[in-house]
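> Pasting a predicted model and its sequence here:
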Amino acid sequence: MIYTVTFNPSLDYIVSVEDFRLGLTNRTSSEMLLPGGKGINVSTVLMNLGIESTALGFTAGFTGDEITRRLEDMGVKNGFIQVGEGLSRINLKLKSIDGTEINGQGPRIGTDKVDMLMKQLGKLGEGDVLFLSGSIPSSMPDDAYQKIMAMLDGRGVRIVVDATRDLLMKVLPYHPFLIKPNNHELGEIFGVKLDTRQSVIPYGKKLQEMGAVNVLISMAGEGAVLIDENGRVYEEPAPKGKLINGVGAGDSMVAGFMAGYMEKQDYQYAFHMGIAAGSASAFSENLATREEIEAVYQQIIG
């Protein structure tokens with residue numbers, strides 16, 4: 001079974017505003033409301049590829065109820081734990097000014113609720129896959145990822161970690177099956193600037209030496225690089241297409257990679273599926289559909 005964890009899920013209010021002006025009343029030209037958060041994005045793309053997963057994490061208040069309702073309507077299973085106080089986040093994403101977001105704080109998550117999640121995850125075993133994605137809320141211990149991975153160590157669970165800097169570095173001793181830094185995050189870890197596919201390879205290998213099994217490095221318009229557990233290096237330029245919405249592209253990439261790996265246990269195929277899913281989402285208004293992913297995949301291998 002596949003599980004995704006989103007500690008702090010959200011309702012993403014995605015709007016376009018023509019000729020946005022500060023200090024004045026602006027009106028939307030388009031708007032969408034979607035369940036959001038990195039783990040939820042992974043579950044959504046897996047569902048689009050026909051793969052079942054269970055989304056785990058915490059929700060609170062009427063916004064939390066709406067997140068759960070929308071996921072159920074989409075066909076995504078969930079085991080969210082209800083937090084008694086506060087509200088799940090509403091994140092505002094302004095499409096017409098690329099990358100402009102206002103993200104909410106989310107509820108305070110008590111130790112009793114964290115313990116409940118740990119009990120859920122404690123049931124995982126041989127053959128299961130777990131995605132740990134995104135930041136840890138300030139109300140939770142900052143070693144939450146380490147505790148989860150320590151608990152599952154040696155149980156045959158393939159764990160995917162998509163997190164930044166310190167969160168990522170601290171889990172490497174537990175040998176995550178896949179990590180996915182981008183080139184900027186990789187450069188920050190080692191204090192260097194990495195702009196080309198060739199330049200990221202030695203630093204990806206360093207993360208592998210520190211414990212990561214497979215290292216997938218996303219590079220936006222430059223493409224991507226994979227260093228697999230056998231030391232083989234794969235690289236591909238970015239597929240051709242128009243960037244429409246970069247939100248969730250990285251989550252789509254790890255979902256596509258693991259979908260491909262579970263299908264064929266072939267790293268080159270998994271790598272191409274990861275690039276196809278990430279790019280297809282970037283070229284789409286929403287997270288990519290199976291048809292959109294397959295179209296980009298054919299472009300990559302063609």
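That came through, no problem.
> Can you get me the centre-to-centre distance for the least confident helix or strand in the chain by mean pLDDT and its chain?
Least confident helix or strand of the chain, by mean pLDDT, DSSP states H and E, is strand 100-102 with a mean of 87. From the chain centre to the centre of strand 100-102 is a distance of 18 Å (CA atoms, centre = their mean, to the nearest Å).
> Stretch 89-103 now?
17 Å.
> And the contacts of it?
Residues outside stretch 89-103 that contact it (CB atoms under 8 Å, 6 or more residues apart in numbering) are 8-18, 20, 29-30, 36, 63, 104-106, 245-247. For every residue, glycine as well, the C-beta is placed using N, CA and C.
> Go through these and flag which are in helices.
Members of the contacts of stretch 89-103 lying in helices (criterion: DSSP state H): Thr63.
> Let's see the ChimeraX selection covering just the buried ones among the contacts of stretch 89-103.
In ChimeraX, a selection of the buried entries from the contacts of stretch 89-103 looks like this (16 or more other CB atoms under 10 Å):
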select :8,9,10,11,12,13,14,15,17,36,63,106,245,247
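> The contacts of stretch 89-103 in strands, which ones?
Counting by DSSP state E, those place 10-16, 30, 36 in strands.
> would you list the residues you listed in JSON lines and tack on distance to Met151?
Formatted as JSON lines, the ones in strands among the contacts of stretch 89-103 follow (distance: CB to CB, whole Å):
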{"residue": "Ser10", "distance to Met151": "26"}
{"residue": "Leu11", "distance to Met151": "30"}
{"residue": "Asp12", "distance to Met151": "31"}
{"residue": "Tyr13", "distance to Met151": "35"}
{"residue": "Ile14", "distance to Met151": "36"}
{"residue": "Val15", "distance to Met151": "40"}
{"residue": "Ser16", "distance to Met151": "43"}
{"residue": "Ser30", "distance to Met151": "44"}
{"residue": "Gly36", "distance to Met151": "27"}
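> which one of the residues you listed is nearest Phe131?
When the ones in strands among the contacts of stretch 89-103 are compared for distance to Phe131 (CB to CB), Gly36 wins out at 15.0 Å.
> from what I can see the closest one touches Val42, true?
No. Contact criterion CB atoms under 8 Å: Gly36 and Val42 do not qualify, at 11.6 Å.
> neighbours around the residue lying closest to Ile67 once chain neighbours are set aside, how many?
Nearest residue to Ile67, sequence neighbours excluded (CB to CB, 6 or more residues apart in numbering): Pro35, at 4.7 Å. Pro35 has 27 neighbours, counted by other CB atoms under 10 Å.
> One more: Pro141?
Burial of Pro141 is recorded as 12 neighbouring residues (other CB under 10 Å).
> And for Gly156?
Burial of Gly156 is recorded as 10 neighbouring residues (other CB under 10 Å).
> Distance from stretch 65-83 to the middle of the chain?
Between the centre of stretch 65-83 and the centre of its chain there are 17 Å (CA atoms, centre = their mean).
> what's the span of that stretch, first residue to last?
End-to-end distance of stretch 65-83 (CA to CA, to the nearest Å): 11 Å.
> List the buried residues for that stretch?
Neighbour-count burial for stretch 65-83, with 16+ other CB under 10 Å as criterion, is recorded at 66-68, 70-71, 76-78, 80-81, 83.
> what about the helices in the stretch 51-200 of the chain?
Under the criterion DSSP state H, counting those that start in this stretch, helices of the stretch 51-200 of the chain are mapped to 61-74, 111-121, 144-152, 165-171, 183-190, 197-209.
> Enumerate every residue touching the residue nearest to the spatial centre of the chain.
Nearest to the mean C-alpha position of the chain, by CA atoms, centre = their mean, lies Asp251 at 3.1 Å. Shown in contact with Asp251 (CB under 8 Å, 6+ apart): 38-39, 41-42, 45, 133, 162, 281, 287.
> what would the residues you listed look like in a markdown table with distance to Pro181 and neighbour count?
Putting these into a markdown table (distance: CB to CB, whole Å; neighbours: other CB atoms under 10 Å) gives the following:
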| residue | distance to Pro181 | neighbour count |
| --- | --- | --- |
| Lys38 | 14 | 24 |
| Gly39 | 17 | 26 |
| Asn41 | 17 | 30 |
| Val42 | 16 | 32 |
| Val45 | 19 | 29 |
| Ser133 | 13 | 23 |
| Asp162 | 8 | 27 |
| Ser281 | 18 | 32 |
| Leu287 | 21 | 25 |
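> circling back: of the buried residues of stretch 65-83, closest to Glu126?
Nearest to Glu126 among the buried residues of stretch 65-83 is Lys77, at 20.6 Å by CB to CB.
> of the ones in strands among the contacts of stretch 89-103, closest to Ser139?
Closest approach to Ser139 among these (CB to CB): Ser10, at 15.5 Å.
> May I have the phi/psi pair for Asn286?
Backbone dihedrals for Asn286, given as degrees, to the nearest 10, come out at phi -120, psi -170.
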